[in-house]
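Peer 1: 3D model of this:
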Amino acid sequence: MSYQVLARKWRPKSFGTLVGQEHVVRALSHALATGRLHHAWLFTGTRGVGKTTISRILAKALNCETGITPEPCNTCDACRAIDADRFPDYVEMDAASNRGVDDMAALLDKAVYAPVQGRYKVYMIDEVHMLTGHAFNAMLKTLEEPPEHVKFILATTDPQKIPVTVLSRCLQFNLKQMPQGHIVEHLTRILQAEQVSFEPGALRHLAKAANGSMRDALSLLDQAIAHGAGKVEEGQVTHMLGTVGDDHLYAVLDALVAADVPALLRVADGMEARSLAFDAALQSLATLLHRIALAQFAPEAITDELERARVAAYVQAFDAEFLQLAYQIAIHGRDELPLAPDEYTGFTMTLLRLHAFRPEQPAALGGPGVAPGGGGLARAVPASARPAPTVSASVAAARPEPPVAAITPPPAAVAQPAAEPPPAMAPQPAEAKPAAVGTAQAVSGHDVPPWEDLPPEAYADSAAVVERVHAVSSSLGAASEAASAPAPAPVAPASVAAAAEKSVVVPEATMAPDAAAGKAARGDAATLFALGDWRGLVRALELGGLVRELAQHCEWVDFSDEGLQLRLSVAHRHLLDMNPGALERLQGSLSSALGRTLKLRIIVGDIAGETPAQRDEVERRARHAEAVAALEADPFVRELIERFDATLVESTVRPL
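Peer 2: Next up is the predicted model:
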């Protein structure tokens with residue numbers, strides 16, 4: 001008896017033995033079991049995914065002598081005749097060679113006659129997209145309203161070329177490509193049944209080379225059995241396919257771990273001696289790096305126990321950041337192979353690039369360098385475990401504090417008499433803010449007034465704030481150079497003492513001056529209301545949503561027996577117009593916090609002073625400018641900028 005190839009011998013004969021197309025099997029089985037049979041089916045998909053196989057199983061299910069069933073018996077005359085391709089009522093037509101209108105007319109003329117042996121006449125038209133336009137037009141009427149005993153099965157690898165008039169008359173099923181895991185499992189069952197010895201690694205190479213086609217995988221398996229003299233071994237399969245074996249790829253990774261450049265070059269020389277494709281090698285290397293990254297972030301995605309054990313060592317040896325970089329180097333190196341003088345040169349340069357961009361830091365940046373010789377594991381500390389760059393004490397001390405919120409008093413306010421100036425301030429420690437500012441001024445030679453002495457209108461100009469912070473930051477470099485020398489005694493500016501004794505403006509008909517000074521706690525709503533600190537009061541109320549937005553954009557106007565009056569800018573009038581209940585909710589929150597009934601009135605007009613939202617924005621800009629200045633003056637950041645021509649993107653800086 002002549003030998004039958006594995007692709008034909010192991011063709012599935014029932015839906016239960018079909019591999020990888022569960023969604024199609026489920027739909028067809030339910031239709032057959034319930035009797036909801038359509039007159040035309042269209043199967044689409046690449047070669048070797050089961051289009052013809054499903055059509056034969058469907059034809060057996062329709063004509064089985066046991067009845068219409070999703071599980072044909074495969075033993076009756078009809079089932080065996082269909083498997084042997086000699087059933088008179090099952091016709092397979094190749095549209096690639098019978099594509100004309102005359103061929104289609106001859107087929108349709110026979111369709112009107114009743115079946116000879118079976119229950120249905122089943123016409124399977126393969127590669128139906130190859131039919132001419134006239135042939136499609138000739139079959140439209142019959143395809144739409146065929147005789148009751150006729151079923152059409154259409155199959156194609158290119159559904160885009162089929163007219164929509166034909167698509168609308170069919171039930172369309174898209175057959176997906178076979179996953180590599182399914183192919184490996186199916187090949188394993190076949191080899192065990194055939195009693196052929198094999199290595200699991202060889203089957204993975206065959207499944208990858210099949211590229212989703214089960215028929216291609218079975219054809220390659222036939223070739224591998226013949227090539228290996230009845231055995232399927234990994235080395236023989238890789239030699240047969242001309243692909244790069246896993247031993248070369250793992251040798252590259254081992255050389256990268258050991259920082260062994262000669263070992264990398266020996267891998268390239270061995271591949272050149274065996275005439276292996278360098279393009280395929282880089283493709284396989286990128287795939288292996290992808291699997292290692294998967295094992296790092298999602299170990300459950302690696303279902304093969306052998307593969308998981310093989311890549312476990314590299315999961316620990318490589319940082320996640322380096323794997324991402326190595327993957328990019330591999331795929332870009334593959335793109336650059338045609339531009340290289342020759343493929344060997346392009347491949348070796350890619351390997352050298354992988355070695356050169358290992359995740360290690362020069363000693364100047366504080367990272368552990370690689371010992372000469374590179375015998376050990378050359379790895380850097382992961383980014384998550386690296387210590388945060390420290391800022392020198394002089395730089396930290398020179399950072400100014402955020403500006404203190406200015407209080408806009410109501411019109412009918414009485415100012416306290418200023419107290420006597422205090423005696424000269426004692427020298428303060430280096431971390432104290434006034435001393436640090438004084439030191440920075442002394443070193444830099446710039447006359448930069450402290451934040452407390454700036455008038456309130458100075459904060460409204462964001463450019464002035466940024467200019468002031470940059471003026472302070474320009475002194476940081478000189479301050480860090482002078483840190484090693486004996487520092488002079490800190491200078492306490494007289495303006496700081498004067499600012500500490502500034503008078504507090506209190507609205508009339510409120511608390512006594514001495515009581516207000518004793519209750520200046522930020523969380524006390526009554527004290528904040530007495531002081532006229534509208535911004536602090538809004539924070540203390542812990543408002544939310546649109547009510548907070550309304551309060552943030554109002555300014556304190558007046559407080560009298562008639563109640564509290566606020567002013568809302570014209571630009572934010574919609575906060576009041578679109579939320580009629582916001583005023584009542586704000587008034588209720590104030591009354592609840594103060595413990596008494598308070599009448600609230602909001603007028604719309606031009607802002608004369610400053611709203612809490614405006615002050616928050618000024619302080620946000622000041623903190624951002626301060627953070628940018630601190631980063632620009634940081635020695636670590638300066639080193640990065642000078643060594644690597646880096647740029648500080650100010651928009652990404654987030655103050656702490």
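
Peer 1: contact partners for the spatially closest residue to residue 62 that is not a sequence neighbour?
Peer 2: The shortest distance from residue 62 to any non-neighbouring residue, by C-beta to C-beta, 6 or more residues apart in numbering, is to residue 120 (4.8 Å). In short, each C-beta sits where N, CA and C put it, glycine included. The contact partners of residue 120, by C-beta atoms under 8 Å, 6 or more residues apart in numbering, come to 62-63, 89, 149-151.

Peer 1: now residue 274
Peer 2: Going by C-beta under 8 Å, 6+ apart, residue 274 touches residue 239.

Peer 1: how far away is it from residue 281?
Peer 2: Relative to residue 281, residue 274 is positioned 11 Å away (C-beta to C-beta, to the nearest Å).

Peer 1: also residue 567?
Peer 2: Taking C-beta to C-beta as the measure, residue 567 falls 73 Å from residue 281.

Peer 1: which parts of the stretch 551-656 of the chain are strands?
Peer 2: For the stretch 551-656 of the chain, applying DSSP state E, counting those that start in this stretch gives strands covering 554-560, 563-568, 600-604.

Peer 1: buried residues in the helix ranked longest in the chain?
Peer 2: Criterion DSSP state H: the longest helix present in the chain is helix 612-633. In terms of neighbour count (16 or more other C-beta atoms under 10 Å), helix 612-633 has its buried residues at 612-615, 618-619, 621-633.

Peer 1: likewise stretch 69-79?
Peer 2: Judged by neighbour count using 16+ other C-beta under 10 Å, the buried positions of stretch 69-79 are 70-72, 78-79.

Peer 1: closest one of these to residue 545?
Peer 2: residue 70 (58.9 Å; C-beta to C-beta).

Peer 1: pLDDT weak spots in the chain?
Peer 2: Scanning the chain for pLDDT under 70 picks out 1, 359-523.

Peer 1: assign residue 114 to helix, strand or coil.
Peer 2: When classified by DSSP: H, G, I helix; E, B strand; the rest coil, residue 114 comes out as coil.

Peer 1: that one touches residue 150, doesn't it?
Peer 2: No: contact status for residue 114 versus residue 150: not in contact, 9.8 Å apart, counting by C-beta atoms under 8 Å.

Peer 1: of the two, give the one with the bigger neighbour count.
Peer 2: Set side by side, residue 114 and residue 150 show more neighbours around residue 150, with 22 against 10, by other C-beta atoms under 10 Å.

Peer 1: spit out the contact partners of the more buried one.
Peer 2: By C-beta under 8 Å, 6+ apart, the neighbours of residue 150 are 39, 111, 120-121, 123, 142.

Peer 1: for the helix or strand hosting residue 351, list every residue counted as buried.
Peer 2: Per DSSP states H and E: residue 351 is located in helix 343-356. Buried residues in helix 343-356, defined by neighbour count with 16+ other C-beta under 10 Å: 343, 346-351, 354.

Peer 1: okay, buried residues for stretch 199-210 please.
Peer 2: 199, 201-210.

Peer 1: ok, and what's touching stretch 213-223?
Peer 2: Here stretch 213-223 makes contact (C-beta under 8 Å, 6+ apart) with 5-7, 10, 19-20, 46-50, 177-178, 183, 186-187, 190-191, 206-207, 209-210, 232, 240-241.

Peer 1: can I get the buried part of those residues as one PyMOL selection?
Peer 2: To isolate the buried members of the contacts of stretch 213-223 in PyMOL, using 16+ other C-beta under 10 Å:
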select buried, resi 6+7+10+19+20+46+48+49+50+177+178+183+186+187+190+191+206+207+209+210+232+240+241
